[in-house]
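Student: please work out how this folds:
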Amino acid sequence: MITVAALAILLPFAAAIVGLLGSRFPRGLRGGTADAVANRRAAWIAVVPTAISTALALWLAYADRTGASAGRGGPFAAPAESVGPTGSPGPTGSPGPTGSPGVAGVTGTLDVIDTGSVPISVGLLVDGLAASIAVLVTVVALAVQIYSVGYLRDDRRYPSYSAFISLFTSAMLLVVYAADLIVLYVGWEIMGLCSYLLIGHWWEDRANSRAAVKAFLVTRLGDVGFLFGLFVLGTAAGSFRIAEVVAKVPEMSAGTIVAATMLLLAGVAGKSAQVPLHVWLPDAMAGPTPISALIHAATMVAAGIFIVARLYPVFLGSGPTLDVLAVLAALGMLGAALAALAQDDLKRVLAYSTISQLAYMAGALAAGSENAAIFHLVTHGAFKALLFLCAGAVIHAVGSNLMSAMGGLRRELPVTFVTMTIGFAALIGLPPASGFFSKDEVLVAMERALSAGSLTDAAALLLYGCALATVAVTGAYATRAWLRTFFGERPALALPEPAPGIAHVVDVHEAPATMRWPIVVLAVPALLLGLAGVGGVHWGTAALSVVVALLGAGVVYAMWRSDPAGDPARVLGPFRVPCERAFYVDALYATLFVRPVLGLARLVARADNRVVDGAVRGSGRATVGLAGLARLAQNGNAQLYVTGLLAGVLLIAVGAVIFG
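Tutor: Down below sits the predicted model:
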């Protein structure tokens, strides 16, 4: 299994290298036919290895599920026994409240790097958690690669774009399968680099390049804490191997665990766009829509939640960290949902929706249910990727991201309408869509935390109250986006006057097959994936969730029916502008951090220019001036030399007479 996992990681990595270096080989021609040939070649280089990695990930998940190998376990729980590369039992973590062990599965070590203190083992781990997330990553990455063939058909930088997606996929798989925290961190940082490169794909637009830089800086800020958290854990355990770290948790002091988990939480907040480091994700919409699907559904944002689940026994040993996580999740899920309700940009609606849904997962982890969080992570990856790709098809047809420029598209885009309806149903949590089952598990976990668990009463109550309110707001913003996109009438747009004899032609039609088929395929898991948990549905909580969601949807529908041409977001009243501006968090950060840092940078630059460089330039000018004085005497005039000599002799003689 370890060999198969290694192949799944290496194939997209090799595709990235070949795509970057070989798409235009051997002549490196550009323009016209050469670009078309390079794009076709890059598409094959990107899609085929990703498809093979997907097949390998599916086989690993099947083998782990059925016990066809030494590692056993279901898709949403760690297996019951850890087995090392030689078949001997390995260390396992203590069971959490959900009854799942901390770390268990098949491990393999390629090499051990002696650092002089804590060694680094280059190895992989395959268990139920890794197998499940790897399937999500590869399936969504494959869908995005195929979709991008049509979406960026005429983009001359498509070869580098597809290569970076392959590298992104490889990095996330390395995070998922890593058996050592430092190996995991390598994949973690490569993902950050790829997100910067892909968000800024259209870097000619300054807004896009600024969004890429913002995403890079905010996530790097969290990664500083994350790296120090890894060092704290590794030093305390005497090893960076995940299984050994988890096994040593009972021996660690409470202060060490709290410090490590709080530092790790910074990295989790950055990667998974949680409060207070969530501000980069909405701006990441500047990248191509398929990249939004990849980042928001399966890779970048999933990494933070995955880390908490992977190190869950460590977090269970830190009650204060779980309380902090619960409070941040509560604020994030409701605040992001309200922001989504006020946006006009369809992609930004989905971006804030991602922040809100990830907060649900973080809340489930804080409430003590790793299984519920991972279940919702997998279903969310399917339906959120579907929603973003459908949004790309809509934008491709309309030519605008704004819902105010859309309307009535269900007739022109029937396939997109049906598939996006499935995605919105899963997002709201309506049966039988997958989100209904996973959201039920999350709400049940939060409800149980009110009476049992490690959360304080205030944190548990805040978490559960915000979760129920978010269910209603989610129903409202999803219904608003659905109605404004596919119903009503599209507003008439003033077009430039055509040349004489040419009529205006507005042709809205379905996306090409390379974009349409990934949408249809993703609609299947978005609709049916949740049926894996049908036996564990808590019908009372599920019914309450559906009623609350329909209440929010009904309010929006009533507002829309009263004025189909208007925006149902007017239901927010005076709070609409603060919600649209995401409660001015960006403005607050600009005031508290950005402007002071820029001012300090200008002060340092001025001091460097005037003091440091000024001293260097001043010494140069002084040297030149002194040299000029010396040069007056060195002019080659013999009479001046003799006169100077006689004057010196005279001065010596006078001095001898006076003082002698």
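Student: and the nearest residue to L550 once chain neighbours are set aside, which of the three is it?
Tutor: In space, and not counting its chain neighbours, L550 is closest to G475: 6.4 Å by Cβ to Cβ, 6 or more residues apart in numbering. Heads up, the C-betas are built off the backbone N, CA and C, glycines and all. Here G475 is recorded as helix under DSSP: H, G, I helix; E, B strand; the rest coil.
Student: who's in contact with G475?
Tutor: 428, 548-553, 556 (Cβ atoms under 8 Å, 6 or more residues apart in numbering).
Student: contacting residues for V473?
Tutor: Applying Cβ under 8 Å, 6+ apart to V473 gives the contacts 334, 337-338, 340-341, 552.
Student: T421 too?
Tutor: 482, 486.
Student: let's see that with 7 Å instead.
Tutor: By Cβ atoms under 7 Å, 6 or more residues apart in numbering, T421 lies in contact with W482.
Student: then K439?
Tutor: 376, 429, 545.
Student: any idea how far the last one lies from R480?
Tutor: Noted for S545: a distance of 19 Å to R480, by Cβ to Cβ, to the nearest Å.
Student: off-centre distance for stretch 297-313?
Tutor: In terms of Cα atoms, centre = their mean, to the nearest Å, the centre of stretch 297-313 is set 11 Å apart from its chain centre.
Student: tell me the secondary structure at T115.
Tutor: From three-state DSSP, the assignment for T115 is coil.
Student: and it, how many neighbours does it have?
Tutor: Neighbours of T115 under the rule other Cβ atoms under 10 Å: 11.
Student: same check, this time on P564
Tutor: 13.
Student: three-state assignment of it?
Tutor: When classified by three-state DSSP, P564 comes out as coil.
Student: start at 42 instead
Tutor: With the count now opening at 42, the last piece we talked about shows up as P605.
Student: just checking, it touches G529?
Tutor: Yes: when contacts are counted by Cβ atoms under 7 Å, P605 is listed as touching G529 (4.5 Å).
Student: which strand or helix spans L165?
Tutor: strand 161-167 (DSSP states H and E).
Student: show me what the next helix or strand after that strand packs onto, helices and strands only.
Tutor: Once the chain leaves strand 161-167, the next helix or strand it forms, by DSSP H and E, is helix 169-192. Counting contacts by 3 or more Cβ pairs under 7 Å, 6 or more residues apart in numbering; DSSP states H and E, helix 169-192 packs against helix 74-107, helix 199-218, helix 330-338, helix 341-351, helix 411-439, helix 554-569.
Student: can you put these in JSON lines and add distance to I58, mean neighbour count and mean pLDDT?
Tutor: Converted to JSON lines, the helices and strands packed on helix 169-192 look like this (distance: least, Cβ to Cβ, whole Å; neighbours: other Cβ atoms under 10 Å; pLDDT from 0 to 100):
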{"stretch": "helix 74-107", "distance to I58": "10", "mean neighbour count": "19", "mean pLDDT": "91"}
{"stretch": "helix 199-218", "distance to I58": "8", "mean neighbour count": "27", "mean pLDDT": "95"}
{"stretch": "helix 330-338", "distance to I58": "19", "mean neighbour count": "29", "mean pLDDT": "84"}
{"stretch": "helix 341-351", "distance to I58": "21", "mean neighbour count": "26", "mean pLDDT": "91"}
{"stretch": "helix 411-439", "distance to I58": "26", "mean neighbour count": "27", "mean pLDDT": "93"}
{"stretch": "helix 554-569", "distance to I58": "24", "mean neighbour count": "21", "mean pLDDT": "92"}
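Student: sorry, back to before: can you tell me which of the contacts of V514 are in helices?
Tutor: 375, 378-379, 381-382, 593 (DSSP state H).
Student: ok, so of these, who is nearest I231?
Tutor: Nearest to I231 out of the ones in helices among the contacts of V514 is A381 (Cβ to Cβ; 29.9 Å).
Student: quick one: low-confidence ranges for the stretch 142-291 of the chain?
Tutor: 142-145 (pLDDT under 70).
Student: residues near V657, how many?
Tutor: Using other Cβ under 10 Å: V657 sits among 10 other residues.
Student: quick check: the gap between G614 and R647.
Tutor: For G614 relative to R647 (Cβ to Cβ), the value is 47 Å.
Student: so the two - more neighbours on which side?
Tutor: R647 (10 against 7).
Student: any stretches of the stretch 442-591 of the chain with poor pLDDT?
Tutor: Residue ranges of the stretch 442-591 of the chain with pLDDT under 70: 533-548.
Student: and A57, how far from L418?
Tutor: 25 Å.
Student: thinking again about what came up before, could you dump the helices and strands packed on helix 169-192 into TSV with distance to G279 added?
Tutor: Output for the helices and strands packed on helix 169-192, formatted as TSV (distance: least, Cβ to Cβ, whole Å):
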stretch	distance to G279
helix 74-107	29
helix 199-218	23
helix 330-338	36
helix 341-351	19
helix 411-439	25
helix 554-569	42
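Student: out of those, nearest to P323?
Tutor: Between P323 and the helices and strands packed on helix 169-192, the tightest spacing by Cβ to Cβ is seen for helix 330-338, at 10.4 Å.
Student: for the closest one, name the packing helices and strands.
Tutor: For helix 330-338, the packing partners by 3+ Cβ pairs under 7 Å, 6+ apart are helix 169-192, helix 222-240, helix 387-408, helix 411-439.
Student: need those in CSV with distance to R651, can you?
Tutor: Converted to CSV, the helices and strands packed on helix 330-338 look like this (distance: least, Cβ to Cβ, whole Å):
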stretch, distance to R651
helix 169-192, 50
helix 222-240, 34
helix 387-408, 44
helix 411-439, 50
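Student: relative to A343, which of the ones you listed is closest?
Tutor: helix 411-439 (6.0 Å).
Student: I'd like the distance from the closest one to the chain centre, please.
Tutor: Relative to the chain's own centre, helix 411-439 is displaced by 14 Å; criterion: Cα atoms, centre = their mean.
Student: show residues contacting the strand holding L165.
Tutor: For strand 161-167, contacts defined as Cβ under 7 Å, 6+ apart pick out 42-43, 46-47, 101, 105, 112, 146-154, 218-221, 223-224, 281-283.
Student: now stretch 562-577
Tutor: 184, 416, 419-420, 423-424, 426-427, 430, 460, 463-464, 467, 473-479, 482.
Student: again, 6 Å this time
Tutor: With contacts defined as Cβ atoms under 6 Å, 6 or more residues apart in numbering, stretch 562-577 is touched by 184, 420, 423-424, 426-427, 460, 463-464, 467, 474-475, 477-479.
Student: and A522, what is it in contact with?
Tutor: Contacts for A522 (Cβ under 6 Å, 6+ apart) come out as V390.
Student: same thing with L491?
Tutor: L491 is in contact with 501, 505, counting by Cβ under 6 Å, 6+ apart.
Student: check the gap between it and L484 for me.
Tutor: Distance, L491 to L484, using Cβ to Cβ: 11 Å.
Student: gap between T684 and V698?
Tutor: 21 Å.
Student: of the two, which one has the most company?
Tutor: Higher neighbour count among T684 and V698: T684, with 11 against 8, using other Cβ under 10 Å.
Student: burial check on V653, number of neighbours?
Tutor: 10.
Student: please apply the same query to V259.
Tutor: 21.
Student: let me see the contact set for the nearest residue to it once chain neighbours are set aside.
Tutor: Computed as Cβ to Cβ, 6+ apart, the closest residue to V259 that is not its neighbour in sequence is W321, at 4.2 Å. Residues in contact with W321 (Cβ under 6 Å, 6+ apart) are 255-256, 259.
Student: ok, so of those residues, who is nearest V665?
Tutor: For the contacts of W321, the nearest to V665 is K255 (46.5 Å; Cβ to Cβ).
Student: could you check which helix or strand contains that closest one?
Tutor: helix 247-278.
Student: and G440, how many neighbours?
Tutor: 10.
Student: residues in contact with it?
Tutor: Residues near G440 by Cβ under 6 Å, 6+ apart: none.
Student: tell me the SS of G677?
Tutor: Assignment for G677 (three-state DSSP): coil.
Student: just the pLDDT for it.
Tutor: On pLDDT, G677 comes in at 76.
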